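S.K.: pasting a predicted model and its sequence here:
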Amino acid sequence: MEEQAMLARDLVLRVCAGATELDPQWIRVDGKVTTPFLVPRDRNLIRAIVSAGRAMGVDRLLVCRTRPEFSYDPVTEVPLDTDTLIDLIRGWGPTPTDFLVCVEDFSAAVLVTADELTVAAGPADFVRELVGADIPQARAHFGTRARVEGGPVLTRAALLYNCADAGSRHARSPRGPGPDLPERLARRGDRLRERSPRAVGALRALRGAWGWLAVVALLVAPLFVPSLDTALPALATAFVLLFQLAWPARSRTVSFATLLRVAALGALLLWPLALAETAVVGLLGVDPYGVVGYTYVAVAVEEVGKLVPLLLLGLVARRRARRLAAVDFLLLAAASGAGFQLAEHLLTGVSTGGGDRPGGGGFLLPGGSTVTDAAGAVLAVFSGHAVTTGLVGAALGLAVVGRRYGAWLWLLPPVAFAVAFLEHLNLNAVLANAALHPVSGFVHRLLGGGVLTPWLLVVLLLCAVAMDYRTIGTAAESTPPLPGRPPLAGLRRRARGRSVAMRVRVPSDIAPLFRRLALSWVDLPVTLATTLSTIVHEFAVSAIAARRGPGALCDTWRFLRRRRANAMAEARSAGRPWRSHPSQEELTRQARSLARRLGLAATGGVTAATASFAAAAVYAAAVPGAGGAADREAPAYAFVALDRLQLWLGGLTGAETAWAVLVLVAALSLLVSGNGVPHAHPRMREFLRAPTANTGAILGMLAPGQVGYALLGLAGLLLPRRVDRLLVR
């Protein structure tokens, strides 16, 4: 074996705080997963250490003794061979001693003490080879044993590695912050479903019937008031746009139903923002239809006002806000913008006789506007309120969740806001027969002129998903595992091996900025491989759950979001007290229950997330001509849209006004209810025996926004049996 020049004391000082303890500061770097466990010092332990090394993709390990009397012994490199490592340990003599096994770049290590206490720290793949797939269970088992057996060694280890809380031996309830408003409402809903299933079933049926009546109202209203024919296309555009953003956002922790409710809130914001614009215009003493009102007042008020739902979430649901992923900020901001865009398109469309047709910009992220002159030349391109607000939300999410990667990420929100502001300012200036200042116009063209904004949003969405999965991976200490072995193990192994080989070549004496950039570039393949592996794992679990029926599939979708939310809260807490919702015990119980239903009980846990495809079909039927350019009747700003609506309402009869109100109520109803993952599914056998008696149950799970879930659930029953072999225990 080849010996390095490094001495044992150098390696121990990097990784350990003592002969039998790992350094807490070293553990915090890169969010290492740490698990102490008790195991005999035998061949099985050495074999597991070698397997952990293989999971890291390395071909050799660093080994040394940690006691002070061996500080000047050289660190030994050993290949990934069980017998070689055993021979090295036996060469130290018959007396057991403490020793450390470490990866070359110090990203993972195993500390084996002279007793049965062993501590593993590193990426989740490394630790799983030593303690099994269920890392939280191993940590809980160690904490329980430390409380039962006592003793200074086990107690100190349990406290040092956060397997037990100080003073919690006689605690009756876990310490931490209390629930917020959304958690209390969710728990009340769960209790109602358990205690009053019939009443809840009746309410579900009523909700489904009301949803279909709302659809009928949107279809029938244009027969009596022709200008209302823009309502259904505008609503379908909002559905499709949010679906296009939510589906690739695999790391999201907010439901699609929540996004639609935020869209409804964004639509209702049009009225207070219009009042705010009126107040500002009056304070400045300018014409609301002048250039200043169209541009600086409208753009500033609207771009700031569309972010109000994010502020309200932080005020009303602080605990929930701390469980948000980076991509959640993007989705919530985009939902608020989509709702504002829906209201603006709808009010402008009905007040101008249906002249404003939503869907400009093509099928990808529809809802934008393109202003052209008489010759067909493009004067301004606006990607839409949803895209611009989502861009600002994405930048905020990356800065908030990625704060551990440096304060430089806080440069993204101002840049994103400048892009959104200039794009909106350019559109309103053209509509007001004005033009941007040459400097502003140059910056606007440099930033893409509105054409590149949707693609910038897509890039930030992908970056947010990758950051979220990397962050979630550091919370494996408290997150129930996914069922089965993670797929693409070879890809992750090669990526980690390449990362280790390159990290040891990055000099430690270069400027800190260049070193961080180099390490980030080296770790990028690991992040991408881990993200891809987790997404494939979730899809595989989805397919297996789909074969068990709609009930198992919907339970899997709900568990997915809760699991990711708790993992994100654990990762973002950085050691501070945080609140799990549902509790860790309940989340673990759900994971094991679903694992048994999927036939993967050996590993415990399931996740999947898929969104409804029904919106796309509705959009194709309702907006056949999406993608055309808009004229100068494009929505200008909230004050103008509301002013036009008031003039339009003044010319309607009483019956026509009633139809307009009915369309407004129907649109809001379809946004705020009937879009969640169904909780109850009627059994096919019962439905065939008594279809009339089960009509309420069918309506309860087939509200307009739930048709997509039902179609996916029924399609899953047609999957072949070989789908169950996508994952192994």
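M.R.: Perfect, I can see it now.

S.K.: over to the residue nearest in space to the middle of the chain. Which of the three states is it?
M.R.: For the chain, the residue sitting closest to the mean C-alpha position, by CA atoms, centre = their mean, is Arg252 at 2.1 Å. Look at Arg252: counting by DSSP: H, G, I helix; E, B strand; the rest coil, its state is coil.

S.K.: which residues touch the closest residue in space to it that isn't next to it in sequence?
M.R.: In space, and not counting its chain neighbours, Arg252 is closest to Val327: 5.2 Å by CB to CB, 6 or more residues apart in numbering. For every residue, glycine as well, the C-beta is placed using N, CA and C. Val327 makes contacts with 249, 251-252, 394, 397, 461, 464-465, 468, as judged by CB atoms under 8 Å, 6 or more residues apart in numbering.

S.K.: what about 7 Å?
M.R.: Contacts for Val327 (CB atoms under 7 Å, 6 or more residues apart in numbering) come out as 249, 251-252, 397, 461, 464-465, 468.

S.K.: all helices of the stretch 601-729 of the chain, in order?
M.R.: Assigned by DSSP state H, counting those that start in this stretch, the stretch 601-729 of the chain shows helices spanning 614-622, 638-650, 654-672, 684-689, 695-701, 707-716.

S.K.: what's the closest of those helices to Ala518?
M.R.: helix 614-622 (43.2 Å; CB to CB).

S.K.: for the protein, longest helix please?
M.R.: helix 512-547 (DSSP state H).

S.K.: so for that one, what gets flagged as buried?
M.R.: 518-519, 522-523, 525-535, 537-547 (16 or more other CB atoms under 10 Å).

S.K.: how far away is Arg252 from Glu194?
M.R.: 27 Å (CB to CB, to the nearest Å).

S.K.: tell me which of the contacts of Val327 fall in helices.
M.R.: Short answer: the contacts of Val327 in helices (DSSP H) are 397, 461, 464-465, 468.

S.K.: could you pull out the helices for the stretch 201-350 of the chain?
M.R.: Counting by DSSP H, counting those that start in this stretch, the helices of the stretch 201-350 of the chain are 231-246, 256-268, 270-284, 291-292, 298-305, 308-316, 318-321, 326-351.

S.K.: which strands or helices does the first one pack on?
M.R.: Looking back up the chat, that one is helix 231-246. helix 197-224, helix 256-268, helix 326-351, helix 614-622, helix 654-672 (3 or more CB pairs under 7 Å, 6 or more residues apart in numbering; DSSP states H and E).

S.K.: repeat that for 8 Å
M.R.: The contact analysis (3 or more CB pairs under 8 Å, 6 or more residues apart in numbering; DSSP states H and E) places helix 231-246 against helix 197-224, helix 256-268, helix 326-351, helix 385-401, helix 614-622, helix 654-672.

S.K.: follow-up on the earlier one: if any of the contacts of Val327 are buried, put those into a PyMOL selection.
M.R.: Provided next is the PyMOL selection string for whichever of these are buried by 16+ other CB under 10 Å:
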select buried, resi 249+251+252+397+461+464+465+468
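
S.K.: let me have the contacts of Val327 in JSON lines, extended by distance to Gln584 and pLDDT.
M.R.: Shown next, in JSON lines, are these (distance: CB to CB, whole Å; pLDDT from 0 to 100):
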{"residue": "Ala249", "distance to Gln584": "25", "pLDDT": "94"}
{"residue": "Ser251", "distance to Gln584": "20", "pLDDT": "93"}
{"residue": "Arg252", "distance to Gln584": "21", "pLDDT": "94"}
{"residue": "Gly397", "distance to Gln584": "25", "pLDDT": "95"}
{"residue": "Leu461", "distance to Gln584": "30", "pLDDT": "96"}
{"residue": "Ala464", "distance to Gln584": "26", "pLDDT": "95"}
{"residue": "Val465", "distance to Gln584": "25", "pLDDT": "95"}
{"residue": "Asp468", "distance to Gln584": "20", "pLDDT": "94"}
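
S.K.: just the contacts of Val327 now: which is nearest Gln25?
M.R.: Proximity of these to Gln25 (CB to CB) peaks at Asp468, which lies at 25.2 Å.

S.K.: contact partners for that closest one?
M.R.: So Asp468 contacts 251, 325-327, 401, 564, 568 (CB under 8 Å, 6+ apart).

S.K.: JSON lines for those residues, including distance to Gly484?
M.R.: Below are these laid out as JSON lines (distance: CB to CB, whole Å):
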{"residue": "Ser251", "distance to Gly484": "20"}
{"residue": "Ala325", "distance to Gly484": "23"}
{"residue": "Ala326", "distance to Gly484": "27"}
{"residue": "Val327", "distance to Gly484": "25"}
{"residue": "Val401", "distance to Gly484": "28"}
{"residue": "Arg564", "distance to Gly484": "18"}
{"residue": "Met568", "distance to Gly484": "22"}
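
S.K.: who wins for neighbours among these?
M.R.: Neighbour counts for the contacts of Asp468, by other CB atoms under 10 Å, peak at Val327, which reaches 31 neighbours.

S.K.: please report how far it lies from Leu524.
M.R.: 18 Å.

S.K.: Cys554 now?
M.R.: 35 Å.

S.K.: likewise Gly53?
M.R.: Taken as CB to CB, the span from Gly53 to Leu524 is 23 Å.

S.K.: do the same with Val215
M.R.: Val215 is 46 Å from Leu524, by CB to CB.

S.K.: one more: Trp648?
M.R.: 54 Å.

S.K.: again, but for Thr479
M.R.: For Thr479, the distance to Leu524 - CB to CB - is 23 Å.

S.K.: now stretch 272-282, how far from the centre of its chain.
M.R.: Distance of stretch 272-282 from its chain centroid, counting by CA atoms, centre = their mean, to the nearest Å, is 35 Å.

S.K.: now it: average pLDDT?
M.R.: The average pLDDT within stretch 272-282 is 90.

S.K.: please apply the same query to stretch 700-707.
M.R.: In the prediction, stretch 700-707 has an average pLDDT of 85.

S.K.: now do stretch 525-539
M.R.: 93.

S.K.: what's the burial count for the closest residue to Asp73 other than its chain neighbours?
M.R.: Take Asp73 and drop its neighbours on the chain: the residue closest to it by CB to CB, 6+ apart is Ala8, 4.8 Å away. By other CB under 10 Å, the residues close to Ala8 number 23.
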